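Novice: One predicted model, sequence on top.
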Amino acid sequence: MSVNITKLPSGLTVVTDTMPHLETAALGVWTGVGGRDEKPDEHGMSHLLEHMAFKGTTSRTAREIAEEVEAVGGDLNAATSTETTAYYARVLRDDVPLALDVLSDILANPSFDADELEREKSVIEQEIGAAQDTPDDVIFEHLSEMCYPDQPMGRSLLGTAQTLAAFDRDNLHGYLSRHYRGPDMVVAAAGAVDHQQVVAEAERRFASFDGTPAPKPTPAMFGKGGTRVIHRDLEQAHLTLALEGLPQSDLGLFSLQVFTNILGGGMSSRLFQEVREKRGLCYSIYTFHAAYSDTGFFGLYTGTDPSDAPEMVEVIVDEMNNAVETLTEAEIARSKAQMKAGLLMGLESCSTRAEQMARHILAYGRPLTSEELVARIDAVTIESTRHAARGLLSRSRPAVVALGSGRGLDTAVSIAEGLARPKAKALLH
């Protein structure tokens, strides 16, 4: 792989990975702003701004943006997350300049037409309604709120009908100019790309984004945990559990990820084998860990018949507590192999590679090499994994949310609160 990095006078970083065997390129603009950067009266602004990027510029209509990229067989998309917003394209080798032209145009010269804005607000209101009809979305929204109470990180990225109604083009222009700044932006490209060409195009087209850094968000504070039951007439009971995890820079992050995989990272994981395969108590169960700049979030999700919820949660609590001291070398090796395979397989996709480089620069200031990442995975031991697991179970009180019907849910969440924090804390000393 041939990774090249150039920082422009504006502070914007250009990073490319030339993959000579490809005829296509993935490229995009990643900026370090997301839902957690919003003030209370800006709730949903990052997501709305992402939607409006494709609704016309001072030189292109919304239709022209779509047709111009699709006329060369490319595609264009965007995504908003807690800490980043991305605008990206996939095109053939010769169309990289066109893609950069369109991406720069939608960010530097948005028209924010009043009629388009009202239509897009309506579209997002439909998106909010759809989320409220989706149990997975509902339960994770409540879980985030419990984990980060009264904070932007605990709010839905979509905003609310009330906050959306108050936004106008001046609000959007203000938010864009305040948060989309050169030092907080990355142009990343991978595949059939030439670094110097991308640098020249980016320097010319993104010149309006100056070198003053955007304001930093308020540090996150993980909540005090607790339980919440949302009663709805559903066929299945949905349960989630969260604990405070680790931030991106923590040295124990890879060990915690290994433990997370062992618990619920695949069909061979302890929870999948015990809860689903041996006992038949659910169809889906998994664990995950999301690392942010200054905090982390370990989560567990499962769905089951309401009458089985108490037994299932009791098994989950026992498995999580027991796993800390009964980890095996075989499980550690299997989890590490999964992580390395996922990493290396991702490098074969130019889209995944462009996103990885951009996110690394925003998080660490530079793209980490595959050799570095593999070395960090290889460095995980059974002792470091146990230490990370004990820290996870002792760091915070669990936040537990259940959604569904039946009295079994109240019993289930009370059992989940019994996750052995005192036992885990004692093992640390």
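Specialist: Arrived safely, thanks for sending.
Novice: what's the spacing between the strand or helix carrying residue 320 and its chain's center?
Specialist: Following DSSP states H and E, one finds residue 320 within helix 309-326. A distance of 27 Å separates the centroid of the chain from that of helix 309-326, by CA atoms, centre = their mean, to the nearest Å.
Novice: Same question for stretch 384-402.
Specialist: For stretch 384-402, the distance to the chain centre is 20 Å (CA atoms, centre = their mean).
Novice: how about that stretch as PDB, C-alpha atoms only?
Specialist: Presented in PDB, the C-alpha positions along stretch 384-402 are these (Å, rounded to 0.1, in the frame of the first residue of the first chain):
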ATOM      1  CA  SER A 384      -4.600  -8.000  29.800                       C
ATOM      2  CA  THR A 385      -8.100  -9.300  28.800                       C
ATOM      3  CA  ARG A 386      -9.000 -10.200  32.300                       C
ATOM      4  CA  HIS A 387      -7.800  -6.800  33.600                       C
ATOM      5  CA  ALA A 388      -9.900  -5.100  30.900                       C
ATOM      6  CA  ALA A 389     -12.900  -7.200  31.700                       C
ATOM      7  CA  ARG A 390     -12.600  -6.500  35.500                       C
ATOM      8  CA  GLY A 391     -12.400  -2.800  34.800                       C
ATOM      9  CA  LEU A 392     -15.500  -3.000  32.600                       C
ATOM     10  CA  LEU A 393     -17.600  -4.700  35.300                       C
ATOM     11  CA  SER A 394     -16.400  -2.300  38.000                       C
ATOM     12  CA  ARG A 395     -16.200   1.000  36.200                       C
ATOM     13  CA  SER A 396     -19.900   1.800  36.200                       C
ATOM     14  CA  ARG A 397     -23.300   0.700  37.300                       C
ATOM     15  CA  PRO A 398     -25.100  -1.000  34.400                       C
ATOM     16  CA  ALA A 399     -27.700   0.900  32.500                       C
ATOM     17  CA  VAL A 400     -30.500  -1.500  31.500                       C
ATOM     18  CA  VAL A 401     -33.500  -0.900  29.200                       C
ATOM     19  CA  ALA A 402     -36.300  -3.300  28.300                       C
END
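Novice: Would you mark the buried spots in that stretch?
Specialist: By neighbour count on 16 or more other CB atoms under 10 Å, the buried set for stretch 384-402 is 384-396, 398-402. No exception for glycine: its C-beta is placed from N, CA and C like everyone else's.
Novice: Backbone torsions only: list them for residue 300.
Specialist: Note on residue 300: its backbone torsions stand at phi -130, psi 140 [degrees, to the nearest 10].
Novice: got the contact list for it?
Specialist: Counting by CB atoms under 8 Å, 6 or more residues apart in numbering, residue 300 touches 240-242, 263-264, 271, 285-287, 316.
Novice: Among those residues, name the ones in helices.
Specialist: 263-264, 271, 316 (DSSP state H).
Novice: Now do residue 320 against residue 60, distance only.
Specialist: The gap separating residue 320 from residue 60 is 53 Å, by CB to CB, to the nearest Å.
Novice: who's more crowded, those two?
Specialist: Applying other CB atoms under 10 Å to residue 320 and residue 60 shows that residue 320 carries more neighbours, namely 26 against 19.
Novice: from memory that one sits against residue 419, does it?
Specialist: Yes: if you go by CB atoms under 8 Å, residue 320 and residue 419 touch, sitting 6.3 Å apart.
Novice: residues shared between the contacts of those two?
Specialist: With CB under 8 Å, 6+ apart as the test, residue 320 and residue 419 both reach residue 393.
Novice: Where does the closest residue to residue 338 other than its chain neighbours fall, secondary structure wise?
Specialist: With CB to CB, 6 or more residues apart in numbering as the criterion, residue 338 has its nearest non-adjacent residue at 5.8 Å, and that residue is residue 261. According to DSSP H and E, residue 261 maps onto helix 253-264.
Novice: who touches that helix?
Specialist: With contacts defined as CB under 8 Å, 6+ apart, helix 253-264 is touched by 245-247, 269-272, 285-289, 291, 296, 298, 300, 319-320, 323, 327, 331-332, 334-336, 338-339, 376-377, 379-381, 384-385, 387-389, 391-392.
Novice: These, buried ones only, as a PyMOL selection?
Specialist: Here the buried members of those are turned into a PyMOL selection, burial being counted by 16+ other CB under 10 Å:
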select buried, resi 245+246+269+270+271+272+285+286+287+288+289+291+296+298+300+319+320+323+327+331+332+334+335+336+338+339+376+377+380+384+385+387+388+389+391+392
